[in-house]
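In: I would like the atomic coordinates for the input below:
(2 chains)
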Amino acid sequence: MSDSKSPRDFVARHVSGMPRSGIRDFFGMVSTREGVISLSIGEPDFVTPWHIREAAIWALEHGATTYTSNLGLLRLRRAITNYVKRSYGLEYSHEDEALVTVGVSEALDLAIRAVVEPGDEVIYHEPCYVSYSPVITLAFGKPVAVATKRENDFRLRREDIEPVVTDKSKVLVLNFPTNPTGGVLTREDMEGIAALACERDLLVISDEVYSELTYDSERISIASLPGMRERTIFLNGLSKAWAMTGFRMGYACAPPVLVEAMMKIHQYSMLCAPILSQEASIEALKNGDGDVQEMREAYDLRRRYIHGALNEMGLSCHLPGGAFYAFPYIGDTGLSSHEFSMRLLEEENVACVPGTAFGPSGEGYLRCSYATAMDEIQKAMERMQRFVASL
Amino acid sequence: MDKLLKLLKENALETPENLAKMLGVSVEDVKARIAEYEQTGIICGYRAVVNEDQLDIEKVRAVIEVKITPERGGGYDRIASRISRFSQVDSLFLMSGTYDLLVFVVGRTLHEVATFVNEQLATIEGVLSTTTHFTLKTYKDQGVLMKIEDDHERLQVTP
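Out: The predicted structure is shown next:
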């Protein structure tokens, strides 16, 4: 009798070989402690604005409990394309150029799976959101990371990407403003990247989920640059702009064949996004511009506060141009990211995610989320200042 | 509205040091601007928003709709200003619609408020009629919800 397989043997090798998210390990440690002030939360601390929640309740009361079109409710797609047009000047047809997804995470996965063939190289910038590399790996693509740097305010320039472009490069994934660095692109950066994408025939997947939280610069999508609409999959969602993370709402806009390809995977794996979330999103996109502005102003105050406080305590930190993360450099303390965040947690009960959770180029950094009430941020900064002074 | 004013309206106890950091300006600048707002009367005062339902004190609040006769030359102003001077009157507005003045009154007991309306308010010359509504419970006051929403648990660490 041959040896029977253990459960472990059934797991596909490309999955078992994939590392767990560093965030999950850190979460395990934080959750055992009490009285922790957490600056390690990647979601807004606001509750979804009431009129949006009320729209979901209304829909539920009126029996909105069904499937929707695979693409998403037509009314929602119309609201999306209208919103994208007035926010970015980008025109898409709600008929066949917009797809409603379960969070931007699903949209990203669909986009990658729709275009990547085994061996295709996918370029992305790092430090970055935890899912880019695994999603590429799951599609049997080859992840190619380009490090963004503090001296450039974590922007990405054409010259950073150019050296890694090969004949196998097919896709460039952008995420600006960036989780975890708060980096944003200037128009010149974007033009340079766009020119490179056109020259080297790259498809750009642009994850702009933090775009509404852009503070000092104008909000531009790379898809709006000349020649880019036809080679860009534009991704956005409602999680960050309207504090709707739990609704799981994202969307993709792209030329019809690309949306069709993504929709095929979506219909066989997800079928459609939840109808209540779709109804709530219609209300947000139609009547929620004021909410976004209010939240952006609140984040902006915290952003300046945390930037000032970190630099004052001797941790050099650029002023993040977007999202709700500060990304201070802690290398001068002589501690690694991991050591710094573990000791900060143990000695002062403040949780910040080590930069290495966002890729090896995050070594020497710490992600401090300011999506937390102002008084909590103030307390955390006092404790952190005490910790840094004790080193 | 100026960002500094907005912050102070939310929390008048915020220190100038914190305000300065949030606004990206100097502490001196913040202090000077607050002083100027106070001097010019843009900031009229600072007070706590208290949920009085939670206090064990006798207090009655009423809203009174008042119809009055407007006067040549002054319209509603003379009578409105006269009513507004009573210490029992918390707020007073001139309204469009089926009545003229909306008066918010505070008293210790139902009797006290009734006496004020009957004997002092209704008897003013030019006051045609009053309709008094007593408040039963406060849900939201000056933009502040009296019952804080249950804190739904957020994960402590998320990507």
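
In: where does chain B dip in pLDDT?
Out: For chain B, the stretches with pLDDT under 70 are B:148-149.

In: The same query, at a cut-off of 80, please.
Out: By pLDDT under 80, the low-scoring segments of chain B are B:1, B:52-53, B:56-57, B:147-153.

In: Get me the contact residues on it for chain A.
Out: Within chain B, the positions near chain A by C-beta under 8 Å from any C-beta of the partner chain are B:3, B:6-7, B:18, B:21-24, B:149, B:152, B:154-159. In short, each C-beta sits where N, CA and C put it, glycine included.

In: among those residues, which are in helices?
Out: Counting by DSSP state H, the residues of chain B next to chain A place B:Lys3, B:Lys6, B:Leu7, B:Asn18, B:Lys21, B:Met22, B:Leu23 in helices.

In: Out of these, which end up buried?
Out: With neighbours counted by 16 or more other C-beta atoms under 10 Å in any protein chain shown, those contain buried members at B:Leu7, B:Asn18, B:Lys21, B:Met22, B:Leu23.

In: In chain B, mark out all the helices, start to finish.
Out: B:3-10, B:16-23, B:27-40, B:77-84, B:110-115.

In: now, of these, which is deepest in the fold?
Out: helix B:16-23 (a mean of 20; mean count of other C-beta atoms under 10 Å in any protein chain shown).

In: for that one, packing partners?
Out: With contacts defined as 3 or more C-beta pairs under 8 Å, 6 or more residues apart in numbering or on different chains; DSSP states H and E, helix B:16-23 has these neighbours: helix A:289-312, helix A:374-390, helix B:3-10, helix B:27-40.

In: contacts for the shortest one?
Out: Around helix B:3-10, the neighbours that count as contacts under C-beta atoms under 8 Å, 6 or more residues apart in numbering or on different chains are A:297, A:301, B:1, B:14, B:19, B:22-23, B:30, B:33-34, B:37, B:42-43.

In: What angle do helix B:16-23 and it make with each other?
Out: 120 degrees (axes from the mean of the first three to the mean of the last three C-alpha atoms, to 10 degrees).

In: domain assignment for the chain?
Out: You didn't say which chain, so I picked chain A. Here the domain parsing of chain A from automatic domain parsing is A:8-47+A:291-390, A:50-287.

In: wait, I meant chain B there
Out: Annotated domains of chain B cover B:3-40, B:52-137 [automatic domain parsing].

In: what does the stretch 251-391 of chain A have sitting close to chain B?
Out: Checking the stretch 251-391 of chain A against chain B by C-beta under 8 Å from any C-beta, the hits are A:Glu297, A:Leu301, A:Arg302, A:Arg304, A:Tyr305, A:Gly308, A:Ala309, A:Ala351, A:Val353, A:Ala357, A:Met374, A:Gln378.

In: Max pairwise distance over those: which two?
Out: A:Glu297 and A:Ala357 (29.0 Å; C-beta to C-beta).

In: Which one of the two is surrounded by more residues?
Out: A:Ala357 (23 against 12; other C-beta atoms under 10 Å in any protein chain shown).

In: Spit out the contact partners of the more buried one.
Out: Counting by C-beta under 8 Å, 6+ apart, A:Ala357 makes contact with A:Ser21, A:Gly22, A:Ile23, A:Phe26, A:Val130, A:Arg367, B:Pro159.

In: My read is that the third one contacts B:Val157, right?
Out: Yes. Proximity of A:Ile23 to B:Val157 meets the contact threshold set by C-beta atoms under 8 Å, at 6.0 Å.

In: Present the ones in helices among the residues of chain B next to chain A as a markdown table; the columns should include distance to B:Gly74.
Out: Formatted as a markdown table, those follow (distance: C-beta to C-beta, whole Å):
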| residue | distance to B:Gly74 |
| --- | --- |
| B:Lys3 | 39 |
| B:Lys6 | 36 |
| B:Leu7 | 39 |
| B:Asn18 | 47 |
| B:Lys21 | 50 |
| B:Met22 | 46 |
| B:Leu23 | 44 |
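
In: Most widely separated two among the residues you listed?
Out: B:Lys6 and B:Lys21 (15.8 Å).

In: hang on, the earlier thing: now the helices and strands packed on helix B:16-23 as TSV including distance to A:Phe10?
Out: Conversion of those to TSV gives the following (distance: least, C-beta to C-beta, whole Å):
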stretch	distance to A:Phe10
helix A:289-312	45
helix A:374-390	44
helix B:3-10	56
helix B:27-40	63
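
In: Of all these, which one comes closest to A:Arg229?
Out: In terms of C-beta to C-beta, the element of the helices and strands packed on helix B:16-23 nearest to A:Arg229 is helix A:289-312, at 23.9 Å.

In: beta partners of the closest residue to A:Glu376 other than its chain neighbours?
Out: Excluding the flanking residues, the one nearest A:Glu376 by C-beta to C-beta, 6 or more residues apart in numbering or on different chains is A:Ile37, at 5.4 Å. Partner residues in beta bridges with A:Ile37, using DSSP bridges, are A:Val350.

In: what's A:Ile37 in contact with, if anything?
Out: A:Asn349, A:Val350, A:Ala351, A:Thr372, A:Glu376, A:Lys379, A:Ala380, A:Arg383.

In: Quick one: these as TSV, columns for distance to A:Ala223, neighbour count and pLDDT too.
Out: Shown next, in TSV, are those (distance: C-beta to C-beta, whole Å; neighbours: other C-beta atoms under 10 Å in any protein chain shown; pLDDT from 0 to 100):
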residue	distance to A:Ala223	neighbour count	pLDDT
A:Asn349	43	17	96
A:Val350	39	23	97
A:Ala351	36	25	96
A:Thr372	32	22	93
A:Glu376	37	16	94
A:Lys379	41	15	96
A:Ala380	37	25	97
A:Arg383	42	16	98
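
In: Out of the residues you listed, which comes closest to A:Ile136?
Out: Set against A:Ile136, the nearest of the contacts of A:Ile37 by C-beta to C-beta is A:Ala351 (28.7 Å).

In: contacting residues for the closest residue to A:Tyr365 other than its chain neighbours?
Out: Once flanking residues are discounted, A:Tyr365 sits nearest to A:Gly355: 3.2 Å by C-beta to C-beta, 6+ apart. Taking C-beta under 8 Å, 6+ apart as the criterion, A:Gly355 is in contact with A:Pro127, A:Pro180, A:Phe327, A:Ser337, A:Gly362, A:Glu363, A:Gly364, A:Tyr365, A:Leu366, A:Arg367.

In: Same question for A:Arg155.
Out: A:Thr148, A:Gly183, A:Val184, A:Leu185, A:Thr186, A:Asp189.

In: Of those, which pair is most distant in space?
Out: Maximum distance among the contacts of A:Arg155 (C-beta to C-beta): 13.2 Å, for A:Thr148 and A:Thr186.

In: Who has more neighbours out of the two?
Out: More crowded of A:Thr148 and A:Thr186, by other C-beta under 10 Å: A:Thr148, with 21 against 15.

In: What's the separation between the more buried one and chain B?
Out: When distance is defined by C-beta to the nearest C-beta, to the nearest Å, A:Thr148 is 18 Å away from chain B.
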